[in-house]
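Chemist: How does the following fold in three dimensions:
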Amino acid sequence: MENKNNITKFILLGLSQKKEIEILCFLLFLLCYVGILIGNLLVMISISSSQLMKQLINFFLSHLSLADICYTSTVTPKLIADLLAAKKTISYHGCMTQLFTMHFFGRIEVFILTGMAFDLYVTICKSLCYTLIMTRQECGAMIAASGAGGFLPSFGQFLLAIFLHYCGPNEIDHYFCDVYPSLKLACTDTTRIGLLVIANLGLMGLVTSVVLLRFYAVILHTVRSYSVENRSKALSTCSSHITVVVLFISPLFFILIITFLWSSGSVRMGLLVSIPEDRVFSLFYTIIAPMFNPLIYTLRNMEMKNAIKKLWCHITVRKDMN
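Modeler: Numbering: from 1, shown residues only. You can find the predicted model right below:
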């Protein structure tokens, strides 16, 4: 799409202006990104090459791992490269692409987590009807719906961003291109657009939160009648999923509050001029959550541990044979 703005590139201010901190963050985030790739690829390969793929919760988990890789790859490689760069710049088209893909894959991840919560709900609360409700076709349809549900609102936000006029300044006070830091640079009044962004993000956050809380409440009520052993097993499975959801979604609510304060004029009035905390919270859902997801889902899952061990033994044997 043709850029009709005066700005052809943006300058990202990044996480810190201190070189020592940037070098430390470079080493840390490089290790995190390698861990994200290895961990999630290991989960995907272990599931697809074993009997675990027959379990529908693992079908969701393999897609969650793929979404994690795609999601963090929209931001993390650029962040790592910028930490060693003298000047952190991104082209206008690159910025708009990053803005769209980050929200697209992020929304897909939220919807997949909701699908996994539904699977847990059916497993625990509707166990006799599980095979009728949760079929491979139904799960495939839920993954497809997650893709559509991620694309439509993200594309809407993308259209709002590209039709704004940017004439300067071109410094984005963040380490990646997001909606509300970009709105600050527009030359026109963005109050209404800010409210649309809040409605877009807030509606999805509210609906998914209500749905997730509903599932968890019914699950917790149901397991009260279980035996001690079965209750412990059910709660262990649920706690892993709840931990992943909290790690990923909680920081998003903080960012939503920041967006609301900006749209209401708090930033312009000087009440919220500089908030480095928003970048710290952003690290939770762009890097930390995708890194911990494989660990959280494998540490308490003996079947997953066994599948990974078999995969590792298979790779080791093949190396010895060669």
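Chemist: Which secondary structure elements does the longest helix belonging to the chain sit against?
Modeler: Longest helix in the chain, counting residues (DSSP state H): helix 228-263. Helices and strands touching helix 228-263, by 3 or more C-beta pairs under 8 Å, 6 or more residues apart in numbering; DSSP states H and E, are helix 92-125, helix 179-183, helix 191-223, helix 277-283, helix 289-299. Quick note: C-beta positions are derived from backbone N, CA and C, even for glycine.
Chemist: try it again with 6 Å
Modeler: Other helices and strands packing on helix 228-263, by 3 or more C-beta pairs under 6 Å, 6 or more residues apart in numbering; DSSP states H and E, are helix 92-125, helix 191-223, helix 277-283, helix 289-299.
Chemist: tell me, what residue is most central in this structure?
Modeler: G106 (4.1 Å; C-alpha atoms, centre = their mean).
Chemist: So the residue nearest to that residue when sequence neighbours are not counted: helix, strand or coil?
Modeler: Leaving aside its chain neighbours, G106 sits nearest to Y71 (5.7 Å; criterion: C-beta to C-beta, 6 or more residues apart in numbering). The three-state label given to Y71 by DSSP: H, G, I helix; E, B strand; the rest coil is helix.
Chemist: same thing with I90?
Modeler: strand.
Chemist: What is the neighbour count of it?
Modeler: 19 (other C-beta atoms under 10 Å).
Chemist: from what I can see it touches I11, true?
Modeler: No: contact between I90 and I11 fails when scored by C-beta atoms under 6 Å: they sit 8.2 Å apart.
Chemist: before we move on, back to that, what would the helices and strands packed on helix 228-263 look like in a markdown table with mean pLDDT and distance to A141?
Modeler: Below are the helices and strands packed on helix 228-263 laid out as a markdown table (pLDDT from 0 to 100; distance: least, C-beta to C-beta, whole Å):
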| stretch | mean pLDDT | distance to A141 |
| --- | --- | --- |
| helix 92-125 | 92 | 10 |
| helix 191-223 | 84 | 17 |
| helix 277-283 | 76 | 32 |
| helix 289-299 | 83 | 23 |
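Chemist: For L252, find the nearest of these.
Modeler: Within those, the stretch nearest L252 is helix 191-223; the backing value is 6.6 Å (C-beta to C-beta).
Chemist: Give me the buried positions along that closest one.
Modeler: 193-194, 196-198, 200-202, 204-205, 208, 212, 215-216, 219, 222-223 (16 or more other C-beta atoms under 10 Å).
Chemist: now swap in stretch 9-21 and tell me
Modeler: Using 16+ other C-beta under 10 Å as the test for burial, stretch 9-21 gives 10, 12-15.
Chemist: coming back round to it: for Y130, see how far away the residue nearest to the centre of the chain is.
Modeler: 29 Å (C-beta to C-beta, to the nearest Å).
Chemist: Same question for F118.
Modeler: 11 Å.
Chemist: So these two - more neighbours on which side?
Modeler: F118 (19 against 15).
Chemist: In space, what's closest to the more buried one - neighbours in sequence excluded?
Modeler: Of all residues not flanking F118 in the chain, F215 sits nearest, at 6.5 Å (C-beta to C-beta, 6+ apart).
Chemist: ok, that neighbour to V75 distance?
Modeler: When distance is defined by C-beta to C-beta, F215 is 29 Å away from V75.
Chemist: What pLDDT is listed against L311?
Modeler: The model reports L311 with a pLDDT of 68.
Chemist: for G39, what are its contacts?
Modeler: By C-beta atoms under 6 Å, 6 or more residues apart in numbering, the contact set of G39 is P294.
Chemist: give me the element it is part of.
Modeler: helix 19-48 (DSSP states H and E).
Chemist: okay, the angle between that helix and helix 289-299?
Modeler: If you take axes from the mean of the first three to the mean of the last three C-alpha atoms, to 10 degrees, helix 19-48 sits at 40 degrees to helix 289-299.
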